[in-house]
Each structure stands twice: as C-alpha cells, then as structure tokens.
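*Asks:* Following is a predicted model, sequence given first.
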Amino acid sequence: MHVTFHLADDLAHALHQAAAAAGLDAAAFAPDLRTADPRHGDFQANGVLGYAKARKLNPRTVAEQLIAALPAPIAAAFDVTIAGPGFINFTARPATLLAWLRAYHSRATLATGAAAAHAGQTWVVDYSSPNTAKQMHVGHLRSAVIGEAICRLLAFTGARVIRDNHLGDWGTQFGKLIYGFKRWADPAALAREPIEELERLYKLGNDATPEGSPALDEARRELVALQNGDPANVALWKKFSDVSLAAFQQIYDRLGIHFDHHLGESFYNDKVDRVYRELTETTPPIAENSAGALVVFHDEHPRFSRQAERPNPFMVRKADGASGYASTDLATALYRVEHFHADGIVVVTDFRQGDHFEQLFLTVKKWFAAKNYRLPELHHVTFGAVTGEDGKALKTRDGDTIKLKALLDEAVDRAFAIVSEKNADLPETERRSIAEIVGIGAVQYADLSQNRSSNYVFSWEKMLALDGNTAPYLLYAVARVHSIFRKQNLTPADPATEAHASPLHTPAEIALARKLVKFPDALRLATDTLRPHFLGLYLYELAGEFSSFYSADKVIVDDPAIRARRLLLCARTLLVLETGLHLLGLRTLTRM
Ligand code: ARG
C-alpha cells in the first residue's frame with residue numbers, strides 16, 4: 001500500500017478526484033482537511049459545507065456522492081463516515097497505520113516526506129541578535145531558543161536556512177565606551193570577564209560625560225573618529241565585537257547554536273545611502289523630509305499615518321544625518337534578498353519591537369514594489385516577556401540583570417540534584433553529563449512548550465518537574481524506550497522486528513499508531529505558524545499515548561509476531577520523539 005507522509009494530503013487528493021468523478025465542480029471544491037478529534041476519526045474534511053451552501057445543495061447528499069466516488073485504494077485504507085450536517089470523517093484502518101509506520105522508519109525517510117513543504121526555498125532567520133559590549137539578557141535567550149527551533153523546523157521541511165546573528169554593534173554608545181576604555185580599562189578584568197568589564201567602562205564613560213561637559217565633546221570626537229575610520233578606534237571597536245562574540249558563543253555552544261553569519265548593524269553602514277536614494281527617487285517618493293529627517297508615513301495605517309493623533313513615522317534618517325535602527329534594517333532586508341535570494345525572512349525579537357517591524361515591512365513592500373524587487377515572505381516572530389514568580393521582570397535579588405551563564409549553570413546544578421536522587425548508582429561523571437542535557441533542555445523547553453506570544457513565568461520547579469509537559473518528562477520517556485531495547489539486547493532498528501511485525505490489533509496499539517501518523521500534521525502546524533509549541537504539545541501527547549500503551553500491552557511476549565509489532569511501535573515512538581526533540585533544539589539521552 002502506498003501512503004504519503006501527510007495522510008491528509010492523500011485524502012485531499014482523493015476527494016478532488018471524487019468530486020470530479022461525481023460530476024461536481026472539482027476546481028471550486030476545497031476539501032479543507034483537518035486533524036480530527038480522535039473520538040471521531042483521524043482526519044475530517046470540512047469543505048463540503050461551504051461548497052454545498054454556495055450552491056444551495058444538501059451537504060449530506062454532496063458528502064454521500066463524494067464518498068461513493070472515492071478511489072478504491074482510499075476507500076480500502078480508511079473507514080469513512082458522515083457526521084453532523086456534512087463533515088466527512090476518515091479513520092485510518094490498522095493496515096494503513098502499519099503501512100505508514102513501515103514506510104517512515106528512519107529520520108531520513110521522515111525528512112524526505114517533510115521536505116516537500118519548503119523544497120528549493122531559502123529562508124534567512126535573524127535571531128538572538130544581541131547588542132555587543134553588553135550582557136545578553138533573558139530576552140536574547142528566548143530569541144535564541146525559539147529562533148533555533150524555527151531554523152531546524154524550516155530546514156527539516158526542506159528549506160536552505162541561513163542563520164544570521166544581526167548584532168547591535170553600531171551606535172552612539174561607542175563614543176562613550178571608547179572614552180572610558182582609553183582611560184580606565186583593566187586588562188586583567190578584560191581577560192576574565194570581558195563583557196562585564198566593557199559594561200563597567202561604558203558606565204564610567206557615561207558618568208564622566210554629562211551634557212555640556214568638555215568630556216562629552218571628547219567622547220563625541222571619539223565617535224566621529226570611529227565613524228571616519230580612525231585605525232586606533234576601529235581596532236578598539238573590533239575588539240569590543242570580538243570579545244562580545246566570544247562570550248556569546250559560550251552560551252550558543254551550550255544551546256547547540258551555530259550561526260552562519262554575524263552581519264551586525266555595522267555591516268550595513270555603507271549600504272544605507274542607497275536606501276535613502278531609492279526611497280526618495282520614486283514618484284511619489286516613499287520617504288519625505290520632516291524637520292530635516294527622512295521619514296515614511298503609512299497613511300493607510302491608523303497609527304502610522306500623518307493623520308494619527310501622535311504621528312509616529314518610520315525614521316529612515318535622523319535630522320543630524322545619522323542612520324539608525326530603521327535605516328540598517330531596510331538595508332538588511334534588501335541585502336537578504338539580493339545576496340541570499342531569500343524567499344522568506346524571519347526576525348525573532350520580543351513583542352515590544354512590533355511597531356518597528358510593522359513599519360519596516362510596510363515600507364519594504366512599497367519600496368520593493370516600486371523598484372520591482374522580488375518580495376520575500378516577511379515574518380516578525382515575537383514573544384512575550386519573562387517574569388519571575390512575582391510577576392515582575394526577571395532580575396536578580398539585587399535588581400541586576402540575570403547573567404545567562406549563571407542561569408544555565410543553575411539549571412544544570414538543579415538537574416544534577418534531581419538525577420542524583422533518581423539514579424544514585426550512576427557514576428558521578430555520567431550524572432553530570434545527563435544533568436547538562438536535562439538542565440539546558442529544561443530551560444529551552446520552558447520557552448518552547450508554550451505559545452511564544454504569552455508572557456512566561458520563570459519557575460525552576462515547573463521546568464524541572466518530572467511530569468507534565470516538561471523536558472525532563474520527555475527526555476525520560478525517550479530514555480525509557482531505549483531501556484526496553486537495551487534490556488533485550490536489541491537495537492531499535494532491528495531487521496527482525498521490521499520483518500515479523502503482525503497487524504496491529506489491540507486498542508492501545510492502534511491508539512499509539514494513530515498518534516504516530518499525526519507527526520506530519522504537528523510538524524506542519526508548528527512550521528506554518530512558526531510556533532514550535534505545537535510540536536512540543538504533540539510530543540507530550542505522544543509520550544502519554546506511549547505510556548498508556550506500555551501499561552496496557554506487554555511488549556516482551558512469547559509470540560514473536562506480537563512482540564515484533566510492539567517493538568516496532570516502540571521503535572517508531574522513539575524515532576518520532578527523538579526527531580521532534582532535536583527539531584526543537586534539545587539533546588536526548590539513552591539513559592536517565
Ligand atoms: N539588537 C536588537 C536587540 O537587542 C535585536 C535585533 C533584531 N534584528 C533586527 N534585524 N532588527 O533588541
């Protein structure tokens with residue numbers, strides 16, 4: 001039996017054929033297939049209702065005509081029923097489930113099935129993107145974790161993904177930092193804790209240069225010298241970037257993140273003049289002069305129109321002639337299309353940058369249309385704030401920003417305590433390496449298990465709990481399946497298991513198989529919406545379905561055909577759980 005990766009795609013195709021065979025207007029009929037409530041079936045086609053209504057037909061009659069005209073292989077593969085006014089429910093028969101499980105037996109076969117979604121496309125993902133010479137804060141951690149999951153989802157679904165760390169490495173603050181650095185830099189501190197030292201020097205520089213002071217003029221001269229390419233200042237600025245990036249990389253390494261590019265704001269310095277020119281040379285011009293600045297209004301938009309109560313135009317060039325965040329982001333969009341040939345651009349930042357990206361995308365659309373540039377899909381992926389359990393922004397007890405290294409270390413320490421309690425006989429080195437994966441995974445998964453749009457309350461207890469939708473629970477589920485194979489001296493991909501599996505039979509076997517064949521749908525939903533939590537939720541439900549199966553049906557039974565099919569279910573559960581967790585950026589364990 002041939003089964004497609006997305007069984008729903010087989011059904012959509014079959015319904016189209018049926019519509020044509022039944023003499024319906026097949027071109028106008030959209031089957032609208034969805035994952036069904038499992039009590040009613042696996043997939044539900046909702047499209048009959050709209051079709052029938054528009055033509056004043058009885059939807060149940062249309063549904064019956066379609067079902068009667070379904071191609072024979074589909075009618076054999078699914079139980080088909082009509083529900084309510086004309087929904088068509090499809091339930092995969094056990095043989096269909098087994099055929100799918102046999103066809104998608106490895107990560108490579110899953111990837112081949114999934115790759116159709118973005119095959120041939122290039123996506124640039126801009127994430128983490130912290131400012132140099134400053135600590136990364138919790139927001140950059142969220143961006144890094146969510147962004148990396150999105151990269152992996154896009155790559156698995158066929159895209160060429162370009163990971164771009166758009167560093168905030170340019171701006172007026174560098175004048176004061178250079179001023180402070182030249183006077184007070186402490187080489188030992190710089191070697192030990194470079195970012196902390198740069199933060200201290202910036203603070204000293206800032207405190208020493210109050211408005212109107214000669215020192216401020218000196219700091220401005222340092223900035224102008226930097227902008228004019230003064231070798232000493234450029235070398236200092238380069239050093240700031242290098243030490244910052246080296247410190248950031250230590251965090252990225254622990255999170256499994258490797259950027260392809262670090263094209264920060266400074267990279268676009270020499271590319272903003274073209275933006276100014278192109279935005280003003282169109283008729284009518286897209287950007288206009290306003291009190292010396294170059295700005296873009298969007299009159300079709302209630303808040304960005306010049307008629308708005310408090311006009312808030314997009315500031316393409318400041319009144320003093322300087323470029324800013326808007327200028328570099330416009331140049332960035334063009335570069336990503338011209339240089340990387342991006343079909344899609346995703347930028348991951350917290351929701352407070354919403355207005356900036358809305359204005360950016362509106363401006364890019366007008367600009368690219370005027371110049372006939374190809375417009376990629378533009379996505380601003382936002383996330384909510386992280387708060388402590390008191391509901392306030394996450395800070396240390398002294399009100400300082402939390403150091404991410406300390407946060408990750410604490411996660412690992414806490415995980416170590418839990419692992420040691422559960423598994424006292426494992427050697428300490430092994431418990432330590434397990435704790436690194438569980439602790440980091442817990443922090444990552446706390447971000448990925450819930451809808452990124454909501455604020456989230458940072459809670460060690462919740463993220464490290466061994467039950468509920470948490471990393472420890474899922475990692476433990478994976479380790480448990482591994483142990484089933486280990487105890488039998490088998491590997492999950494055992495050819496005998498594959499060969500001898502008999503038809504699925506018990507309710508628990510069938511329920512687990514039905515959940516497994518939904519992996520493509522969860523993957524598609526998470527990728528299409530750029531919301532990884534849909535995949536996380538699916539994995540959590542799959543782990544629950546596995547638990548039910550495992551307590552209902554003994555796996556290691558004497559009958560070789562029954563044992564083989566149950567081991568096959570274990571192997572596929574493991575495959576999907578591990579593939580899914582890796583797509584979210586987590587590492588998995590064979591023993592926990
Ligand atoms: N550096 C910015 C920040 O720390 C984020 C940059 C996001 N990317 C972009 N292309 N604007 O908030």
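*Replies:* Thanks, I have it. It should be emphasised that the depicted structure is a prediction, and the values quoted were computed from it without experimental measurement.
*Asks:* Next up, the contacts around Thr109.
*Replies:* When contacts are counted by CB atoms under 8 Å, 6 or more residues apart in numbering, Thr109 touches Ala103. All C-beta atoms are positioned from the backbone trio N, CA, C, and that covers glycine.
*Asks:* Just say helix, strand or coil for it.
*Replies:* helix (DSSP: H, G, I helix; E, B strand; the rest coil).
*Asks:* go on, His341?
*Replies:* Classified using three-state DSSP, His341 is coil.
*Asks:* which residues does the closest residue to it other than its chain neighbours bridge with?
*Replies:* Counting by CB to CB, 6 or more residues apart in numbering, Thr122 is the residue found nearest to His341 once chain neighbours are left out, at 5.5 Å. Beta-bridge partners for Thr122, by DSSP bridges, are Arg160.
*Asks:* Quick check: Thr122 vs Pro376, distance?
*Replies:* Using CB to CB, to the nearest Å, Thr122 is found at 9 Å from Pro376.
*Asks:* Are there residues contacting both of those two? Which ones?
*Replies:* Ala342, Asp343, Gly344.
*Asks:* How many neighbouring residues does the residue nearest to His341 have?
*Replies:* Other residues near Thr122 come to 19 when the count uses other CB atoms under 10 Å.
*Asks:* what's near enough to touch Ala543?
*Replies:* Tyr473, Leu474, Ala477, Leu577.
*Asks:* now Thr157
*Replies:* Counted by CB under 8 Å, 6+ apart, Thr157 has contacts Ala114, Ala115, Ala116, Ala117, His118, Leu523, Arg524, Thr527.
*Asks:* any idea how far Glu578 is from it?
*Replies:* 18 Å.
*Asks:* Just the pLDDT at Arg34, thanks.
*Replies:* We have a pLDDT of 93 for Arg34.
*Asks:* The one 10 residues further on too?
*Replies:* For Gln44, the pLDDT comes out at 97.
*Asks:* can you list contacts of the helix or strand containing it?
*Replies:* For Gln44, the host element (DSSP states H and E) is strand 43-45. Strand 43-45 has contacts (CB under 8 Å, 6+ apart) with 7-8, 11-12, 15, 31-37, 83, 87-90.
*Asks:* Any idea how far that strand is from the middle of the chain?
*Replies:* For strand 43-45, the distance from its own C-alpha centre to the chain's C-alpha centre is 27 Å (CA atoms, centre = their mean, to the nearest Å).
*Asks:* and it, which strands flank it?
*Replies:* Assessed with DSSP bridges, strand 43-45 is paired to strand 33-35 (antiparallel), strand 87-92 (antiparallel).
*Asks:* any chance of those in a markdown table, with distance to the ligand too?
*Replies:* Shown next, in a markdown table, are the strands paired with strand 43-45 (distance: least, CB to the nearest ligand atom, whole Å):
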| stretch | distance to the ligand |
| --- | --- |
| strand 33-35 | 34 |
| strand 87-92 | 43 |
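*Asks:* winner for burial among those strands?
*Replies:* strand 87-92 (a mean of 24; mean count of other CB atoms under 10 Å).
*Asks:* per-residue confidence averaged over it?
*Replies:* 97.
*Asks:* Can you give me the buried ones in stretch 291-309?
*Replies:* For stretch 291-309, the buried set under the neighbour-count rule, 16 or more other CB atoms under 10 Å, comprises Ala293, Leu294, Val295, Val296, Phe297, His298, Phe304.
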